[in-house]
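Asker: Below: sequence and its predicted model.
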Amino acid sequence: MAKQAPDVGLITRTPESTLTSTGRDLLTLGTVFAALILFVGTGGSVISHALSSLRGRGGAPDNLLATAFLLNIALIVFGWRRYRDMVDEVQVRRTAEEQARQLAETDPLTGCLNRRSIGPATNHLIAEAATRGEIAAFIMLDLDNFKQINDLHGHSAGDELLLHVARQIGDTLPSGALIARIGGDEFACVVPFAPGQPEAIDRLAERLIGSVAQPVAYQRVSLESTASVGIARCDGDCGRHDAQALLHMADIAMYQAKKHGRNRYFWYETNMENELRFRSELETGIRRGLNAGEFVPYYEKQIDLATGELVGFEMLARWNSPTLGLISPDIFIPVAEDIGVIAPLSESLIRQALIDARGWNPRLSLSVNISALQLRDPWFAQKILKMLVEANFPPSRFEIEITESCLHENIGMVRSLIMSLKNQGIRVSLDDFGTGYSSLSQLRSLPFDQIKVDRSFVTTLADNKENATIVQSIAALGEGLGLPVTIEGVESEAVLHELSRLGTFKVQGYLYGYPEPADRTTEHLAELDLLADPIDASDGSMLPPAPLLPRIANG
Ligand code: C2E
Ligand code: CA
Ligand code: CA
């Protein structure tokens with residue numbers, strides 16, 4: 001669909017290539033002019049002779065002179081026509097050149113500069129700004145939800161949104177600024193400013209974010225989008241900060257804005273680059289480590305407070321990286337999710353954990369954490385069942401922890417997943433309860449088997465009255481819904497004492513020791529005489545001996 005390009009009016013340039021054709025125009029014009037002078041020179045004599053001859057006072061004009069005179073007239077007429085033709089021709093060529101240049105330098109949809117032309121235009125602007133003692137800010141703006149709008153409402157809706165955004169940016173930028181569309185939903189602006197006044201750019205960034213957020217009506221829907229913005233300034237020796245470098249820095253700052261929740265702006269700082277480098281190191285490390293078996297399960301004890309007995313373990317993933325050391329899941333799980341390897345990573349950990357847990361006393365359970373992305377897999381329940389069958393591990397001893405924040409994803413899908421897991425005899429816990437704002441009605445409609453109170457309420461429980469009230473209410477809620485409650489993050493006797501006052505719970509935490517790898521866990525269980533007998537009573541089949549997988553030393 002053809003779209004009207006908005007008149008952003010910010011693309012400044014100088015025409016370069018018209019001098020030669022102008023030269024040729026002048027030559028033709030000069031020829032006509034010379035012919036005119038000749039015409040005047042010969043014309044004076046020929047016409048006066050012709051007039052005298054007509055009056056009968058003299059002879060006819062010189063034949064040669066008359067012929068030259070007529071030829072001169074012809075030359076003037078033809079010359080003039082040639083001149084006009086050439087002017088037209090040059091005009092057509094100029095228009096064609098202008099169109100070709102426009103096509104090469106501008107984005108056809110929005111009429112903004114494009115990725116190729118923003119570089120030279122930026123360098124030109126920086127040089128020009130320097131003559132006024134100004135520097136330039138390179139502002140990168142990326143829409144946060146463009147893909148969803150395209151997927152949901154179609155590509156013409158996406159085009160409409162891009163046009164709207166280009167217009168809004170154009171209206172917001174000061175005159176003399178540049179605007180370019182440098183990718184699908186990415187815009188770049190270059191704005192000169194006084195070096196001591198970056199607040200002007202802060203205000204501009206805020207206005208840009210606000211203007212992009214204005215909804216746009218399309219057919220019968222309202223398209224709404226937000227933008228993440230990264231800003232780089234060309235400081236000090238601007239020569240070192242050419243357009244390409246500025247674009248790279250603004251891109252890094254924009255990535256920070258995305259990371260911190262989108263719909264905001266960040267100025268580039270050098271440490272961001274290190275962070276990005278660390279991130280890419282993590283990405284390659286995770287991919288390699290997955291194949292090299294560097295991800296290992298650690299186990300944290302779960303205790304029944306009423307009896308003081310060990311009832312099971314929560315498996316917590318660890319990455320034993322040869323270059324970075326032992327890495328926490330809080331660092332690598334989000335990256336594994338982003339690069340699309342969370343499912344194979346989690347499955348390989350669960351397989352190892354099932355092998356480990358088969359060596360434990362059959363009354364000990366195994367809980368595993370599951371990422372929200374895995375819940376979107378329609379085959380997830382089947383995959384879990386297959387792993388249980390392959391490991392010959394009874395589903396009744398297996399528990400899956402789903403964090404409260406997952407419930408926002410797609411409640412219908414989560415409900416049917418929980419149902420199919422439960423139909424197979426697997427228990428499902430609601431993890432990190434209290435942090436994700438799930439409603440009571442959601443809690444009632446989802447058939448969880450257990451609630452786990454987030455450790456943020458627990459660590460300071462003994463001296464924080466508010467947290468004690470929250471834990472007490474959750475205990476009452478669990479009782480009301482008939483759901484057992486596990487408290488995590490118990491670090492001290494004081495907290496344990498406070499908890500025994502508030503209700504009946506299962507507990508876990510550093511008070512009972514740090515999470516440990518499989519070999520240490522097995523050693524502890526041996527001391528407690530809680531290892532499995534060679535014959536598993538539940539199905540009568542022979543269990544293989546305890547796993548001989550290579551294990552890392554206790555971190
Ligand atoms: P979580 O499920 O809330 O796990 C409990 C976390 O609290 C663990 O951190 C554990 O080491 C820590 N913790 C336990 N007791 C105490 C205590 O007394 N005090 C304090 N301050 N902390 C305690 P960890 O192992 O770093 O795990 C962090 C999070 O990573 C977990 O939080 C869980 O959501 C996630 N996670 C761990 N393993 C996996 C996995 O295999 N898959 C997925 N998707 N997520 C995992
Ligand atoms: Ca958990
Ligand atoms: Ca938690």
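Answerer: Thanks, I have it. Residues are numbered from 1 along each chain as shown. Ligands and ions are numbered 1, 2, ... in the order given.

Asker: now the residue in the stretch 401-550 of the chain positioned nearest to ligand 1, nearest residue through space, not along the chain?
Answerer: Nearest residue of the stretch 401-550 of the chain to ligand 1 (CB to the nearest ligand atom) works out as G509 at 3.2 Å. No exception for glycine: its C-beta is placed from N, CA and C like everyone else's. Using CB to CB, 6 or more residues apart in numbering and skipping the chain neighbours, the partner closest in space to G509 is V490 (3.2 Å).

Asker: The residue nearest to L246 when sequence neighbours are not counted: neighbouring residues, count only.
Answerer: Among residues not flanking L246 along the chain, F138 sits closest, at 3.8 Å (CB to CB, 6+ apart). Close neighbours of F138, defined as other CB atoms under 10 Å, add up to 29.

Asker: Tell me what K506 is bridged to.
Answerer: D304, T486 (DSSP bridges).

Asker: returning to that earlier point: checking the residue nearest to L246 next. Helix, strand or coil?
Answerer: Under the three-state scheme (DSSP: H, G, I helix; E, B strand; the rest coil), F138 adopts strand.

Asker: for it, what are its contacts?
Answerer: Taking CB atoms under 8 Å, 6 or more residues apart in numbering as the contact definition, F138 lies against 122, 188-190, 231-234, 243, 246-247, 249-250.

Asker: so where is this structure shaky, pLDDT-wise?
Answerer: Across the chain, the ranges flagged by pLDDT under 70 are 1-26, 28, 236-241, 409, 437-438, 535-555.

Asker: Which residues of it lie near ligand 2?
Answerer: 369, 401, 431 (CB under 5 Å from the ion).

Asker: and those near ligand 1, which?
Answerer: 369, 431 (CB under 6 Å from any ligand atom).

Asker: Which of the residues of the chain next to ligand 2 fall within strands?
Answerer: The strands, defined by DSSP state E, take in 369, 401, 431 from those.

Asker: Could you single out the nearest of the residues you listed to ligand 3?
Answerer: D431 (5.7 Å; CB to the ion).

Asker: The closest residue to the closest one other than its chain neighbours: how many residues sit nearby?
Answerer: In space, and not counting its chain neighbours, D431 is closest to E401: 4.0 Å by CB to CB, 6+ apart. If you count neighbours by other CB under 10 Å, E401 ends up with 20.

Asker: cool, and A217?
Answerer: Around A217 there are 10 other residues, counting by other CB under 10 Å.

Asker: same thing with T106?
Answerer: 20.

Asker: isn't D107 right next to G183, touching?
Answerer: No: taking CB atoms under 8 Å as the definition, D107 is not a contact partner of G183, at 10.1 Å.

Asker: Surely D142 is in a strand?
Answerer: Yes: using three-state DSSP, the assignment for D142 is a strand.

Asker: Give me the contacts around stretch 58-70.
Answerer: 38-39, 42-43, 45-46, 49-50, 52-53.

Asker: Pull out the buried positions in the lengthiest strand in the chain.
Answerer: Assignment by DSSP E gives strand 309-321 as the longest strand of the chain. Of all the residues in strand 309-321, those buried under the rule 16 or more other CB atoms under 10 Å are 310, 312-321.

Asker: Let me know whether the next helix or strand after that strand sits next to ligand 1.
Answerer: Sequence order places strand 325-327 as the next helix or strand after strand 309-321, per DSSP states H and E. No: against ligand 1, strand 325-327 shows no contacts by CB under 6 Å from any ligand atom, the least distance being 9.6 Å.

Asker: Can I get the next helix or strand after strand 325-327 in CSV, CA atoms only?
Answerer: Using DSSP H and E, the helix or strand that directly follows strand 325-327 along the chain is helix 329-338. The C-alpha atoms that make up helix 329-338 are tabulated as CSV, following Å, rounded to 0.1, in the frame of the first residue of the first chain:
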residue,chain,number,x,y,z
PRO,A,329,20.9,-19.4,38.2
ASP,A,330,19.8,-15.8,38.7
ILE,A,331,22.5,-14.9,36.2
PHE,A,332,22.4,-17.6,33.6
ILE,A,333,18.7,-18.6,33.5
PRO,A,334,17.5,-15.2,32.0
VAL,A,335,20.2,-15.4,29.4
ALA,A,336,19.4,-19.1,28.6
GLU,A,337,15.8,-17.9,28.2
ASP,A,338,16.8,-15.1,25.9
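
Asker: so where's the longest helix in this protein?
Answerer: The longest helix of the chain (DSSP state H) is helix 63-105.

Asker: which other helices and strands contact the next helix or strand after that helix?
Answerer: Downstream of helix 63-105, the first helix or strand assigned by DSSP H and E is helix 115-131. When contacts are defined as 3 or more CB pairs under 8 Å, 6 or more residues apart in numbering; DSSP states H and E, helix 115-131 packs onto helix 63-105, strand 135-143, strand 178-183, strand 186-193, helix 243-259.

Asker: Measure how helix 115-131 sits relative to strand 186-193, angle-wise.
Answerer: Between the axes of helix 115-131 and strand 186-193, defined by axes from the mean of the first three to the mean of the last three CA atoms, to 10 degrees, the angle is 10 degrees.

Asker: Run through who's touching helix 115-131.
Answerer: 11-13, 104-106, 113, 135-136, 138, 176, 178, 180-183, 188, 190, 192, 234, 238, 241-244, 246-247.

Asker: ok, back up a step: same drill for D107 and G183, tell me which one is more crowded.
Answerer: A count of neighbours by other CB under 10 Å puts D107 above the other of D107 and G183, at 20 against 12.
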